[in-house]
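Student: Build me a model:
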Amino acid sequence: MDIRLDDLRSAKVAALLQEHLDDMAKHSPPENIHALDLERLRRPEITFWTVWESGQLLGCSAIRQLDAMHGEIKSMRTSKHHRRKGVAAFMLQHILDEAARRGYRRLSLETGSPAAFEPARQLYARFGFTYCGPFGEYVDTSYSVFMTRAIRGA
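Tutor: Numbering: from 1, shown residues only. A predicted model of the protein is given here:
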């Protein structure tokens, strides 16, 4: 697998992000969908990567810089055609390494509370994330779960 810094211009990337947004809409009311569209992922405080293998797009992920010491995981998605191949763990390790390289002390995320998000919550827990309260501009709702972890070496 190969992780690439991505400019969000590929039709394959747009399709994967639409898959992500469509899936979020199945499990959360519109006001509780915090996934970002293409335009919002192009903001300067966000760095976006894609994961490829043999010319196939496997997944994507991003970091949003909240401040000089705190980052947020955004748009973590594995293509429905490439699940259970270790793509998400590969991406998550890359994000953790990047957070340490940037000198972040903390990395946080918001994910859904419905059962459909349980595999994501389990993945984050395996990587040392623990439950926390809302951060940044988030507010507490029954549809959101917040997790965070300290970054080693920061």
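
Student: How much space separates the spatially most central residue of the chain from A68?
Tutor: With distances taken as C-alpha atoms, centre = their mean, the chain has M76 as the residue nearest its mean C-alpha position (2.9 Å). For M76, the distance to A68 equals 22 Å [C-beta to C-beta, to the nearest Å]. Where you see a C-beta, it was placed from the backbone N, CA and C, and this is true even at glycine.

Student: so how far is stretch 114-123 from its chain's centroid?
Tutor: Between the centre of stretch 114-123 and the centre of its chain there are 13 Å (C-alpha atoms, centre = their mean, to the nearest Å).

Student: so A120 sits right up against R77, yeah?
Tutor: No: when contacts are counted by C-beta atoms under 8 Å, A120 is not listed as touching R77 (9.8 Å).

Student: Model confidence score at the residue of the chain most remote from its centre, please.
Tutor: Relative to the centre of the chain, and counting by C-alpha atoms, centre = their mean, the farthest-placed residue is S54 at 22.8 Å. pLDDT, S54: 94.

Student: Quick one: residues contacting D67.
Tutor: Counting by C-beta atoms under 8 Å, 6 or more residues apart in numbering, D67 makes contact with nothing.

Student: Show the contacting residues for the spatially closest residue to P114 that is not a sequence neighbour.
Tutor: The shortest distance from P114 to any non-neighbouring residue, by C-beta to C-beta, 6 or more residues apart in numbering, is to H27 (4.9 Å). Neighbour list for H27: 112, 114, 116-117 [criterion: C-beta under 8 Å, 6+ apart].
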